[in-house]
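**Q** Have a look at this prediction, sequence included:
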There are 2 protein chains.
Amino acid sequence: MTPDDIDGFYAKRADLNLEDYIELDFEFECVGDPREAAAHLCSEQSTAQWHRVGIDEDFRPRFAAKVLELSAEPRSGFSIAVECAVRGQVHACRATIAHPHGNFGPRFPNLLSAVCGEGVFFAPGIPLIRLQDIRFPDSFLAAFPGPQFGIAGLRQRLQAFDRPIFFGVIKPNIGLPAAPFAELGYQSWLGGLDIAKDDEMLADIPWCPLEERAAALGEARRRAEQETGVPKIYLANITDEVDRLVELHDMAVAKGANALMINTMPVGLSGVRMLRKHATVPLIAHFPFIASFSRLAGYGIHSRVITRLQRMAGYDVVIMPGFGPRMMTPEQEVLDCVRACLEPMGPIKPCLPVPGGSDNALTLEGVYRKVGSADFGFVPGRGVFSHPMGPAGGAASIRQAWDAISKGIPVADYAKDHPELRAAFEAFGKR
Amino acid sequence: MTPDDIDGFYAKRADLNLEDYIELDFEFECVGDPREAAAHLCSEQSTAQWHRVGIDEDFRPRFAAKVLELSAEPRSGFSIAVECAVRGQVHACRATIAHPHGNFGPRFPNLLSAVCGEGVFFAPGIPLIRLQDIRFPDSFLAAFPGPQFGIAGLRQRLQAFDRPIFFGVIKPNIGLPAAPFAELGYQSWLGGLDIAKDDEMLADIPWCPLEERAAALGEARRRAEQETGVPKIYLANITDEVDRLVELHDMAVAKGANALMINTMPVGLSGVRMLRKHATVPLIAHFPFIASFSRLAGYGIHSRVITRLQRMAGYDVVIMPGFGPRMMTPEQEVLDCVRACLEPMGPIKPCLPVPGGSDNALTLEGVYRKVGSADFGFVPGRGVFSHPMGPAGGAASIRQAWDAISKGIPVADYAKDHPELRAAFEAFGKR
C-alpha cells in the first residue's frame, strides 16, 4: 500500500457518523509497519479493491473499515508459534476499528463474515489476531429482538426474587429413559431446584425421545409444583437441525417443557434468532464449541463477543464457562461475560448469566462474591445428582448454602446442623 | 478416577461394533497421568456420571466414548501459554477415541456439541487440545445428503472437462450497484471465466439488492453464453439469516443465478443441510470464521474436519484457504482439505476443492502441481478484476496460463506472445 492508500483506512471519531459503525477492538501481532498492517486489516474486512480498473472512484469513504485508534509495541517474536507466519520484527498492537454496518446489515451470518471472517484472519502480516470486543450503535441493536422475558420475566415466572436462580443438570446425562430421568428431576425440584435441565449433549434420541421426556418431566414438574407450592421449570435441550427447532419447540412446550435450551454455536446464532420469533417460553444458551476459538489470550475471539451476540439473538439466560480451575477461564473473562449479560445495551433487555462448571454447595459463595450480586444462575450437575443423599439432598444442600450466605453465617458452620449440606462437604470438600 | 473407572473408558477395536462409532483423532497436552487424562476426555464427552446414586448400573459399555489408541511423550511445559492451565509435568499426547454416535444421532448440531463441545475443551488436566480428524462409518454417512451434483455434475453443467474450473470474485467487492457489477462479471466471462462470483461479504443489501444483482448478472451471463458458445455460472452469495435461505434461493435462481454460495460457519452447517434439501443448483461453501479455531497447530479444530462436514452437508464445491504466504496455511493442511473433498467417503459424492487466496495467472501452475490433478477450482479476485486490461484481460490471462501448462510450455515463455498473460506478469510478478 502507498501512504495515500493507507490514509484512506484511517479516520477520527469526530469525522464519522458513529451510528453508521460497529466498533471492534482487536489485539494482534504483526510483522512490518503496524500502521500499514492495521490498514490492511481494515481493507481486507471491507473493500480491498476500492475502484474499478481505469475508473476514478473511491469506495473507501462510505464502505471502508477505518482505524480509530492504534498502539504498537515491539516484541521479540510471536507469542504463539505459527508455522506460516511471515518473518521480521514483530509488533504487538491494539487497534479499535470502525466497521460500517451498512456493508452487510443487521444479520448475524453477514456480521460474523465481516468481523470474524477472511478479512480479519487473513490480513497480510497478521498471523495472530484476537477480536477482543464489539460495540454496536443503538440503531443497529434495535433491529435485534433481545430477550423476550429477561431476568425480570424469569424471576416473575419462578417467583424467585433477590437470590440466584438454582439450576441443575440431570445426571446421568446420557443413557436414562424418560421415566427414571423424570424421577431425578422430580427429586431435585422437591429438594429446592428452580430449574432441572437436560445436559447439552442430550438430544431427541430414540432411547429417550424428547416427546416422552418432556411429557414425563412436565408431569413430574407439575407434581413438584403442587407439593412445594412454588413454580418450577423443566428446561429441555432442543438442540437439533435448524429446520426442526420450531417443531421441537411446539412439541416440547405442549408436553410440559417450560424453557428451552439451544447450543448456540453448533446450531448457529441465526437459528436462535429464528426460534426467538416463535418462542413462547424462555430460551437458554449453552456454550459448546466456543472454547475452540476463545481460550487463548493471543488468538481467536473473546467469549464476551459471543455473549453479546447471544443476548442480541434473544436468549433470556446465557450459560457460560464459570470460575474454578476446571473451566480454565480467567476470572476476568468470566466477569466480562457476566457484565455483557447485565450491562445496559440500548434497547436490549439484560439476560441472566450462568457461570457454570463442576459446582456444588461449596462453590456457591465464591461465585456469588465474584459476580457481586444475586443476579446469576448457579448450575451444578454432579453437585446435585451425585450427592450422597440423592438429587433431593443435593438440591437441598445448595439451598442451605444460600440460606447461610444470605444470613451471614459461614457455610461450614451452617453445615453442622444441616445434614444435606454437611454431606456435600463430606462428598465434595476434598476436591 | 479409580483404575477401574479409567478402564471403563478404554476398549479395543476388535471388541466394538465399529459401525456404532465415530473415530476421533486428538492431539492434546495434559498435566497428570496421560492415561487418566484420556479417560476424562472420553468421560466428559459422553457419560461423566454413569450410574445413579445408590443404583448398581453402568452406562459405559453402551454410551461411553472409549480410547482406542494413546501415545504420550513428556515435554517441558505447554507449547502455548494458557493462563488457567494446571501446573505439573506436561505430556504431549495423541489419542484415537471411538465415540458412540447413538448418543446423539446423525445431526450436525448434536455431533458438534459432542465432539467439539464442553467435554472436549474442558476435560480435566487438558488445557490444550486439537481435534485433528474425524472418521464416520458408512451407515452414519448414509444419513447425510452429500453433494447433489458433485464434480462430475458441475463439469457437465459447464461442459468443462480435464481442466480446473475457473472462478473469479467480482471486485470491487463492496459498493457497486447491480448494473456495473454485472458488467464486470460479463467481461470476465467473455475473457474465459467459468464462474463469476460474489464476494463472501456481499449480502442482500439495499445498495445492491440480491434480486437486482441476480437479474443483472443472469442477463449478462446469458449474453456471455451466447457470445462465447459455452455455459457460464453466476454464483450468488445468499449468506443470510437461516430463515431467508430458501426464499433467497428461489428468488436468486428465478432471476438468473445458477449456483449459490453460503458462508458455512456463520450460517451453520445445519442451515446448509436444510437448504440442500431444497436446492436446484450447485451449492458452494466459503470459509469465514474457520481460521478462528483452525490456524494453530496446538489448539482448536483442524480445518479438514470442517471440510468433511461441509461435504456431508451437501456442498458441490468447497472454497478453502489455499497455498501461498497470504493464507498462512501449511501446505500439508491445504492438501489434507483437498483430499477430504476428493477421497472416497462411503455413499457421499466428491466435491470440488477450491484452494484460494490472492491468486492470479502466475500462481496457477503452482496450485496445479501441488494438488496433483486438474480436479480443483481456481479463484482469483484482484488477479482478474484489477488486471491492467480489465476483467476480460484478467480472465484471459488465467486461461492462457492454463493453455501453457496443458501444452507443457513454460508459462513465462507463453507470455511473450500473449499480451494478457504478459500484462499479468508485469502487474503481479513483482509480488
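**A** Yep, it's here. Numbers count the residues shown, from 1 in each chain, chains lettered A, B, ... in the order given.
**Q** make it CA atoms for all contacts and neighbour counts henceforth
**A** OK.
**Q** The closest residue to chain B within the stretch 101-250 of chain A: what's its closest spatial neighbour, skipping adjacent residues?
**A** The nearest approach of the stretch 101-250 of chain A to chain B comes at A:Gly117, 4.0 Å away (CA to the nearest CA). Spatially, and ignoring its direct neighbours in sequence, A:Gly117 is nearest to B:Pro288 (4.0 Å; CA to CA, 6 or more residues apart in numbering or on different chains).
**Q** Can you tell me which residues in the stretch 251-400 of chain A are near chain B?
**A** Residues of the stretch 251-400 of chain A lying close to chain B (CA under 8 Å from any CA of the partner chain) are A:263, A:265-271, A:274, A:287-293, A:295-297, A:299-301, A:325-330, A:382, A:385-390.
**Q** Phi, psi for A:Gly300 please.
**A** Reported as degrees, to the nearest 10, the phi and psi values for A:Gly300 are phi 100, psi -140.
**Q** Dig out what it forms beta bridges with.
**A** A:Arg130 (DSSP bridges).
**Q** Confirm A:Ile284 sits in a helix?
**A** No: counting by DSSP: H, G, I helix; E, B strand; the rest coil, one finds A:Ile284 to be strand, located in no helix.
**Q** quick one: pLDDT of the spatially most central residue of chain A?
**A** Relative to the mean C-alpha position of chain A, the nearest C-alpha, by CA atoms, centre = their mean, is the one of A:Thr307, at 3.8 Å. If you check A:Thr307, the pLDDT there is 98.
**Q** Beyond the helix or strand harbouring it, next helix or strand please.
**A** Assessed by DSSP states H and E, A:Thr307 sits inside helix A:303-313. The C-terminal neighbour of helix A:303-313 among helices and strands, as given by DSSP H and E, is strand A:317-321.
**Q** Quick one: residues contacting A:Gly185.
**A** A:Gly185 sits next to A:Ile170, A:Ala196, A:Lys197, A:Leu217, A:Ala220, A:Arg221, A:Pro391 when contact means CA atoms under 8 Å, 6 or more residues apart in numbering or on different chains.
**Q** Kindly state the beta-bridge partners for the third one.
**A** According to DSSP bridges, the partner residues bridging A:Lys197 are A:Val169, A:Leu235.
**Q** Wait, it touches A:Ala236, no?
**A** Yes: A:Lys197 is within contact range of A:Ala236, at 6.1 Å (criterion: CA atoms under 8 Å).
**Q** wait, doesn't the residue nearest to the centre of chain A sit right on A:Ala340?
**A** Yes: A:Thr307 lies in contact with A:Ala340 (CA under 8 Å); the separation is 6.4 Å.
**Q** measure the residue of the stretch 301-431 of chain A found nearest chain B to A:Glu44 for me?
**A** Closest approach between the stretch 301-431 of chain A and chain B, counting by CA to the nearest CA: A:Met328, at 4.8 Å. Applying CA to CA, to the nearest Å, the value for A:Met328 to A:Glu44 is 33 Å.
**Q** can you give me the strands in the stretch 1-150 of chain A?
**A** A:21-31, A:66-75, A:90-100, A:128-135 (DSSP state E, counting those that start in this stretch).
**Q** Just put the ones you listed in TSV and tack on mean pLDDT and mean neighbour count.
**A** Putting the strands of the stretch 1-150 of chain A into TSV (pLDDT from 0 to 100; neighbours: other CA atoms under 10 Å in any protein chain shown) gives the following:
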stretch	mean pLDDT	mean neighbour count
strand A:21-31	98	23
strand A:66-75	98	18
strand A:90-100	98	23
strand A:128-135	98	22
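**Q** Now render these as JSON lines, adding distance to A:Asp359.
**A** Below are these laid out as JSON lines (distance: least, CA to CA, whole Å):
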{"stretch": "strand A:21-31", "distance to A:Asp359": "33"}
{"stretch": "strand A:66-75", "distance to A:Asp359": "40"}
{"stretch": "strand A:90-100", "distance to A:Asp359": "36"}
{"stretch": "strand A:128-135", "distance to A:Asp359": "28"}
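**Q** quick one, which of those strands is nearest to A:Ala427?
**A** For A:Ala427, the closest of these is strand A:128-135, at 39.1 Å, according to CA to CA.
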